[in-house]
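> predicted coordinates and the sequence they were generated for:
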Amino acid sequence: MSAIGTYFFTHFNYTPSLAVQSPGRINLIGEHTDYNNGFVLPAAIDKYVEVAIGKRTDGNINMAAVDLNKTATVSIQNLKPHSSQWVNYIIGVVYQAIHHISANKNNNPSQLEAINNGFDICLKGNIPSGAGLSSSAAVECAVLFAINELYDLQFNKMEMALMAQKAENDFAGVQCGLMDMFASLHGQKNKVILLDCASLEFHYYPLDLTDYSIVLFDTQIKHALASSEYNTRRQECEQGVHLIQQSHPLVKTLRDVTMEQVEKYLGPSTDTPNNIYKRCKYIVSEILRVQAAVKDLEVGAMQAFGKKMFETHEGLSKLYEVSCPELDFLVDTVQDNENVIGARMMGGGFGGCTINIIKKDALESVTQQVAASYAQQTNKELVVYVTSIEEGTHLLK
Ligand code: GLA
């Protein structure tokens, strides 16, 4: 039995029907572009959440979170947001699944009946929470994948990603985009995925780093501001779109907007609030940057790719204003280091990790140097993760 299966057995005293592993994610480039219908370039990593699940017959969902040492029970009838956030990550996707099946006119009533009988679920993981590696998306995807298998619901991965996003929006209260759930479910070993968040088309690119490693430097700052500021950034982008729409009614999102339009309708010569201008300028340039970065990847121009990561950081810090002093310090520290070809803050911001592409030969010396200056500057320990790119959500044998 898998380790998570054993935990399940300890809690519930019977053998689970199945177990699932679902990874966290990194994102090479394309930050805050997902909810603006732009492009992102994420990958699934070697940190994950595991769940084991078994059917009940009394209509309850019994949950055991091993790492938190907590349990909870809710009735599957009338699911609504719970006071414990970890519970929301589980019941939010169950609610979405039930809703999705009920809304489908050709649904199979026996599926609804089966799921309404409830289940036991046990979860455990090793994705640091608050580090910007999408531990919550990994939980949502693991649970949804598990119930999809358990009841043979036949959702495809994109449907599950969209349902998990809706669960995060409606139950966890974060107006996030699709990237995290998409990446957790669709990851493939040693590949990054270019997702077009407008058409939902995606394409895998082998990431041949040979002499380089992807290294995350964790500031250990928890992004407490993240969800309120995140939602504000979304609104500012929407306000920019709204202003441009008055002259260009066909513009629906910042994906449809050019740099010239940003300057003309939102720039310093207009009376648009400066924040709206800065946010939109960053997003439109980042959407273009991801497309150019993918061309670098195609021809193996990793130095050019890395340079774009630094440019992204500059934009996130100065224009989008979602960085923090610790993240800026970590990027500044490696900016002129010839062994680091690219670095930037990653994820929503206000803490969490920077993502760095570092020459393998110099890995130890660079990390020691960065850890020492980080400790001196902030009095905090730098946590370092050398990551590998792994398979997305899958069943555990
Ligand atoms: C968080 C959100 C994602 C995305 C990133 C920023 O991780 O969950 O949808 O918007 O921030 O790129």
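Here it is on my side, so go on.

> all helices of the stretch 51-200 of the chain, in order?
85-103, 109-115, 135-150, 157-167, 179-186 (DSSP state H, counting those that start in this stretch).

> so for the ligand, which of those sits nearest?
Distance to the ligand, taken as Cβ to the nearest ligand atom, is lowest for helix 179-186 among those, at 4.5 Å. C-beta coordinates here come from the backbone N, C-alpha and C atoms, glycine included.

> elements contacting the closest one?
Judged by 3 or more Cβ pairs under 8 Å, 6 or more residues apart in numbering; DSSP states H and E, helix 179-186 is in contact with strand 18-27, strand 42-55, helix 135-150, helix 157-167, strand 191-196.

> confidence score at the residue of the stretch 201-350 of the chain found nearest the ligand?
Proximity of the stretch 201-350 of the chain to the ligand (Cβ to the nearest ligand atom) peaks at residue 348, 3.5 Å away. On the pLDDT scale, residue 348 is placed at 93.

> can you lay out the helices and strands packed on helix 179-186 as a markdown table showing mean neighbour count?
Output for those, formatted as a markdown table (neighbours: other Cβ atoms under 10 Å):
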| stretch | mean neighbour count |
| --- | --- |
| strand 18-27 | 26 |
| strand 42-55 | 24 |
| helix 135-150 | 27 |
| helix 157-167 | 23 |
| strand 191-196 | 22 |
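
> can I get the ones you listed in a markdown table with distance to residue 330 and mean pLDDT?
What follows is these, written out as a markdown table (distance: least, Cβ to Cβ, whole Å; pLDDT from 0 to 100):
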| stretch | distance to residue 330 | mean pLDDT |
| --- | --- | --- |
| strand 18-27 | 15 | 98 |
| strand 42-55 | 19 | 98 |
| helix 135-150 | 21 | 97 |
| helix 157-167 | 29 | 98 |
| strand 191-196 | 22 | 98 |
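
> same list (the ones you listed) but as JSON lines, adding distance to the ligand.
Compiled in JSON lines, the helices and strands packed on helix 179-186 are given as follows (distance: least, Cβ to the nearest ligand atom, whole Å):
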{"stretch": "strand 18-27", "distance to the ligand": "6"}
{"stretch": "strand 42-55", "distance to the ligand": "9"}
{"stretch": "helix 135-150", "distance to the ligand": "7"}
{"stretch": "helix 157-167", "distance to the ligand": "8"}
{"stretch": "strand 191-196", "distance to the ligand": "11"}
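
> tabulate these in JSON lines, adding columns for distance to residue 320.
Below are the helices and strands packed on helix 179-186 laid out as JSON lines (distance: least, Cβ to Cβ, whole Å):
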{"stretch": "strand 18-27", "distance to residue 320": "14"}
{"stretch": "strand 42-55", "distance to residue 320": "18"}
{"stretch": "helix 135-150", "distance to residue 320": "21"}
{"stretch": "helix 157-167", "distance to residue 320": "21"}
{"stretch": "strand 191-196", "distance to residue 320": "20"}
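
> pull out the buried positions in the strand or helix carrying residue 308.
For residue 308, the host element (DSSP states H and E) is helix 302-318. For helix 302-318, burial by neighbour count (16 or more other Cβ atoms under 10 Å) applies to 302, 304-306, 308-317.

> what does stretch 350-368 give?
Applying 16+ other Cβ under 10 Å to stretch 350-368 flags 350-359, 362-363, 366-367 as buried.

> which of those residues fall in strands?
353, 354, 355, 356, 357, 358, 359 (DSSP state E).

> going by distance to residue 86, which of those wins?
Closest to residue 86 out of these is residue 353 (21.3 Å), distances taken as Cβ to Cβ.

> contacting residues for the closest one?
131, 132, 133, 216, 217, 218, 219, 345, 346, 347, 385 (Cβ atoms under 8 Å, 6 or more residues apart in numbering).

> show me what it is bridged to.
residue 218 (DSSP bridges).

> returning to what we had before: need the ones in strands among the buried residues of stretch 350-368 in CSV with pLDDT, can you?
Below are those laid out as CSV (pLDDT from 0 to 100):
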residue, pLDDT
353, 97
354, 98
355, 98
356, 98
357, 98
358, 98
359, 97
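
> which two of these have the greatest separation?
Using Cβ to Cβ, these span at most 19.2 Å, a distance reached by 353 and 359.

> what residues does the stretch 151-300 of the chain put near the ligand?
Where the stretch 151-300 of the chain comes near the ligand, counting by Cβ under 6 Å from any ligand atom, the residues are 176, 177, 179, 180.

> buried ones in stretch 67-77?
72, 74, 76.

> most remote residue from the middle of the chain, which is it?
residue 269 (36.3 Å; Cα atoms, centre = their mean).

> number of nearby residues for the residue nearest to residue 117 when sequence neighbours are not counted?
In space, and not counting its chain neighbours, residue 117 is closest to residue 57: 5.2 Å by Cβ to Cβ, 6 or more residues apart in numbering. If you count neighbours by other Cβ atoms under 10 Å, residue 57 ends up with 8.

> surely residue 234 and residue 169 touch.
No. Counting by Cβ atoms under 8 Å, residue 234 stays clear of residue 169, with 10.9 Å between them.

> who's more crowded, those two?
A count of neighbours by other Cβ under 10 Å puts residue 234 above the other of residue 234 and residue 169, at 17 against 14.

> let me know the secondary structure of that one.
What DSSP: H, G, I helix; E, B strand; the rest coil gives for residue 234 is helix.

> any idea how far it is from residue 105?
The spacing between residue 234 and residue 105, counted by Cβ to Cβ, to the nearest Å, is 33 Å.
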